[in-house]
Every structure is written in structure tokens, then in C-alpha cells.
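In: Pasting the sequence and the predicted coordinates here, then a few questions.
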There are 2 protein chains.
Amino acid sequence: MDKREEIPKKTIYRLSVYSRCLRRLLENGIETVSSTALAAAAGVKPSQLRKDLAYFGQFGTRGLGYPVEALLETIKGVLGRETLQPVILVGAGNLGRALLRYDGFRKEGFNLVAAFDLAADKKVPVLPCPLLPQEEMVEFIGKNEVKMAILCVPAESAQQVANELVDSGIQGVLNFSPAILRVPEQVVVSNVDLAMELENLSFFIG
Amino acid sequence: MDKREEIPKKTIYRLSVYSRCLRRLLENGIETVSSTALAAAAGVKPSQLRKDLAYFGQFGTRGLGYPVEALLETIKGVLGRETLQPVILVGAGNLGRALLRYDGFRKEGFNLVAAFDLAADKKVPVLPCPLLPQEEMVEFIGKNEVKMAILCVPAESAQQVANELVDSGIQGVLNFSPAILRVPEQVVVSNVDLAMELENLSFFIG
DNA sequence: AAGTGTGAAAAGTTTCACAGCG
DNA sequence: CGCTGTGAAACTTTTCACACTT
């Protein structure tokens, strides 16, 4: 009777993949897709796709498949992507500036509203959003009700900046610094450690 | 009697974390560390750390802990980081160029030997390695026995470039493009999808 | 006493196989 | 008949608890 069964974290992750695939299908005017076809596009097994979707309800028609548009809308809803979330970026070094210009975020509908850096006056080629001094960060977060931040500061200052972010009301941090952040448990941290990814590959190619 | 027990993928991933922590301990002149302390630094449970290490042998001294330097060397060996692996990067757009300049790779001892792009002549501020035309990629990989590649091309051309990489002998690909790559199973692909990471956060902050 | 190494239990995730719907 | 939805089985990973070593 438990309305909300326990949903695997990995399922959530794959939902993003499915949504990408569905969008492409939609663009190509395809209205219905089978679990076999969608799973192939997403690089997973059909049974896994069906199980993933089943956590959220019944969307398919037996003998036919899933309605592309409706399923896409549902997934968007589940992922909380119906309202446009503002996102800030902290640390405009090499990586930070590249991420600011990276069109992948905008393409996927994220709104990078501001960037912060200790040296906000450093001359930087055109950026798609204002680069503000670090001191204004806390106030900005509060005023604009920002909930998500991309953290690109050096490892040494990562924890301190993370503390400020959390205190200002940030609930999700995408952490590019090679530091393990300690945050209250209601705050979510997702680590993207580029060097570690390479190191990991290194092992598997033996 | 199976010498090589099955090692969880996630264990390998954590090994990189441990190695970072150990390096910091070593720099601070600490010679011995307990599973409790190292686990805390790495953000995992002590039992998990011990189990992870146990896959590769017995390194600790009961009642005392682990020898920092020796353990670090062992982990390096396991991860295949004893010899310096050359790495190439394909696709020198915004993200690609930032990764080329990103000192995190070099800091962690990876050698970015060359970058390739269709428009290799585009004017780009100083880069730490040569930017060559795409046509030279295949030959370069063969000649220099490159085994790992960082892929930063647009989604549309990702699969095609991946095919070329694989045909030239690349065994591991760090894929930044939002595309699901199909490769032979002996080739390892690690996907880093930045927009998806944000989307994932979006769900968990509810 | 302090702290590792490890089997065994628990938790989490994927795959299977097939009943049942359109 | 094709294809979804799903309980149950298989598999993977984490956590526990404690014997054992220094």
C-alpha cells in the first residue's frame, strides 16, 4: 500500500538519459516507442527500462508501447524540470569559465544566472551572465532564491565556500573541486572529479 | 583459491579517493593512518575502506593502522598509475579547450600530449600541448601508442569520432558528449554528462 | 587496548520469465 | 500476437560484528 516505493538512485540517473532519447524521437515526429527500441537508444536492457518507468506509474499500452510526448512530460515532472531552476557558478578559473560558456547547460534548459569569483574584475572575454565579486554571493542567493550551485573553486577553499553556499540556502551542489565536502544531510552534493575519471579508466584498460 | 576475487567497480573508484587522501597525509609527514581516520577523510565508512583494501591484500597492522606511503604506492600500482599514460583530447570547443588548460589532469599526473579538432587553425590562446588537425589523429594514436582519449566533440559527431578512436587502438574513452557511444566491449567508456548531473541534483533537492 | 581482516547478514539493483492487457 | 507490468530470482555492494593480531 506504500504509494511511494523506494526508487533506486540509478533509476533517477537513467531517467535523464531516457528524456534525451525521447526528445530526439519527438523531434523526429515519432509518437510511440517500445521498451525495446527506447532501451536500445538509451543503452540499457528493455526490462530495466520498464522497471524504471514502473516506479512512477503505468504509461505504456500493452501490445503497442509508450506515447513519446506524454512520457517525456512525465519524466520532466519527476525530475523537477518543469519550472526553470536558476543556477549559480562559483569560481571562474579555467574550468569555471568554460562551464559558463558551455552551451550544454543552456541547451538542457538550465539558467546560469550569475558567476562569482574573488577576482571578479579580471578581464574575461564575453560571458553569457554577469561575473560578480565573491562578497555578493550570499546576498544574491538569498534574493534570487537560488537552490543549485556549481562549485569550481580550488580544493583548498572548496569546503569554506560550500559552507557559505549551504548557509545561504543552497540545497544542491555540483562539485568540480577534488575535495570531499562535508554538508548537512539535507543538502545534496554531486561530485564530478575529472582526474579521477581518467584514473578510473586507467584501471579498466589494464 | 581464486587469486583474483571479483572487485566491485565502485571500489576502484574509491581507490582514487583514498589515494588523494593518502597523498595529503604523506605531505603532512603522517606515516600511519587508521581505517577510521582515512575513511573519515574520504567520506566513507571504516568498514567499507577495510573491505576495499582487502580485495588487494593485507596492508594494515592490527592495533596500529596502515602505513601511508606503502599503501599509496600499492594503490597507484593497482590503478595502473606507475607508468605515465599519454592521453589525447578530441574536440577543442569551449569545453575541450578548458580541459586542455585544466591543471587538474596534470596535477594528477596525466600527460595530455595532443588535441585534435576539425578547425585546428582557429586562433586559441596559449595551450599546453599542440592542437592538430583532425586528419592527423588516427596516425598520431598509432605512432604514439595512445590508449586513452577525452572526447569533447558535439553529440552529432561523437559516435563517428569514437569509431575512429577505437579503430586506431584507443581502449578507454572519457566521453563528455551527451551521446550514448556504441563500442566493442573491450573498450571502456566513462560518461561525464554535465547537464545530466544538474538534472539529477534537481530531483534530489525536491 | 586499539584496530585490522573477514565471513555472514542486510540492503540495493538488475535480470528473468511470464501473466495479462489491448 | 506484441508488448507492458511485475513478482520472484539472481546478482552486486554495503554494513555488521567479532575473532584475531600486535
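Out: Great, that's in hand. Numbering: from 1, shown residues only, chains lettered A, B, ... in the order given.
In: Okay, now the unreliable bits of chain A?
Out: A:1-5, A:123 (pLDDT under 70).
In: Name the residues of it found near DNA strand C, please.
Out: With CB under 7 Å from any atom of the strand as the criterion, chain A meets DNA strand C at residues A:6, A:8-11, A:44-45, A:47-48, A:50-51, A:61-64. Every residue, glycine included, has its C-beta placed from N, CA and C.
In: and DNA strand D, which of those contact it?
Out: Answer for the residues of chain A next to DNA strand C near DNA strand D (CB under 7 Å from any atom of the strand): A:Ser47, A:Arg50, A:Lys51, A:Thr61, A:Arg62, A:Gly63, A:Leu64.
In: care to break chain A down by domain?
Out: A:9-78, A:86-199 (automatic domain parsing).
In: for chain A, what spans make up the helices?
Out: A:9-27, A:35-42, A:46-54, A:68-78, A:94-101, A:103-107, A:137-144, A:155-168, A:194-204 (DSSP state H).
In: a markdown table for those, including distance to B:Val153 and mean neighbour count?
Out: A markdown table is the format used below for those (distance: least, CB to CB, whole Å; neighbours: other CB atoms under 10 Å in any protein chain shown):
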| stretch | distance to B:Val153 | mean neighbour count |
| --- | --- | --- |
| helix A:9-27 | 17 | 18 |
| helix A:35-42 | 19 | 19 |
| helix A:46-54 | 27 | 17 |
| helix A:68-78 | 26 | 18 |
| helix A:94-101 | 15 | 21 |
| helix A:103-107 | 12 | 15 |
| helix A:137-144 | 34 | 15 |
| helix A:155-168 | 29 | 17 |
| helix A:194-204 | 17 | 21 |
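In: Do I have it right that A:Ala179 meets A:Gln160?
Out: No: contact status for A:Ala179 versus A:Gln160: not in contact, 10.2 Å apart, counting by CB atoms under 8 Å.
In: can you give me the end-to-end distance of stretch A:70-84?
Out: 19 Å (CA to CA, to the nearest Å).
In: near chain B, anything from it?
Out: Yes: judged by CB under 8 Å from any CB of the partner chain, stretch A:70-84 comes into contact with chain B at A:Val78, A:Leu79, A:Gly80, A:Arg81.
In: Also compute the angle for the strand ranked longest in chain A relative to helix A:137-144, please.
Out: Using DSSP state E to define each element, chain A has its longest strand at strand A:111-117. Using axes from the mean of the first three to the mean of the last three CA atoms, to 10 degrees, the inter-axis angle of strand A:111-117 relative to helix A:137-144 is 160 degrees.
In: What separation do you get for the nearest residue to A:Leu174 once chain neighbours are set aside and DNA strand D?
Out: Counting by CB to CB, 6 or more residues apart in numbering or on different chains, A:Leu174 lies nearest to A:Ile150, which is 4.7 Å off, once chain neighbours are set aside. According to CB to the nearest atom of the strand, to the nearest Å, A:Ile150 and DNA strand D sit 25 Å apart.
In: A:Ile150 pairs with what?
Out: Here A:Ile150 sits in beta bridges with A:Leu89, A:Leu174, as judged by DSSP bridges.
In: got the contact list for it?
Out: Shown in contact with A:Ile150 (CB atoms under 8 Å, 6 or more residues apart in numbering or on different chains): A:Val87, A:Ile88, A:Leu89, A:Val90, A:Gly96, A:Leu99, A:Leu112, A:Val173, A:Leu174, A:Phe176, B:Leu198.
In: Got phi/psi on the residue lying farthest from the centre of chain A?
Out: Most distant residue from the mean C-alpha position of chain A: A:Gly63, 34.0 Å away (CA atoms, centre = their mean). Main-chain torsions, A:Gly63, degrees, to the nearest 10: phi 90, psi -10.
In: mind listing what it touches?
Out: Contacts of A:Gly63 (CB under 8 Å, 6+ apart): none.
In: near DNA strand D too, which of the contacts of A:Ile150?
Out: Counting by CB under 7 Å from any atom of the strand, the subset of those that neighbours DNA strand D is empty.
In: rewinding a little: output the contacting helices and strands for the longest strand of chain A.
Out: strand A:86-90, helix A:94-101, strand A:131-133, helix A:137-144 (3 or more CB pairs under 8 Å, 6 or more residues apart in numbering or on different chains; DSSP states H and E).
In: Need the residues that contact the shortest one.
Out: Just to be clear, that refers to strand A:131-133. Contacts of strand A:131-133 (CB under 8 Å, 6+ apart): A:Ala92, A:Ala114, A:Ala115, A:Phe116, A:Asp117, A:Leu118, A:Ala120, A:Asp121, A:Val124, A:Phe140.
In: what number of residues lie near A:Lys122?
Out: 11 (other CB atoms under 10 Å in any protein chain shown).
In: what residues are up against it?
Out: A:Ala92.
In: For it, give its distance to A:Cys152.
Out: 14 Å (CB to CB, to the nearest Å).
In: Please name the residues that touch the most centrally placed residue in chain A.
Out: With distances taken as CA atoms, centre = their mean, A:Leu174 lies nearest the centre of chain A, 7.7 Å away. Taking CB under 8 Å, 6+ apart, we find A:Leu174 in contact with A:Met148, A:Ala149, A:Ile150, A:Leu151, A:Ser190, A:Val192, B:Leu194, B:Glu197, B:Leu198, B:Leu201.
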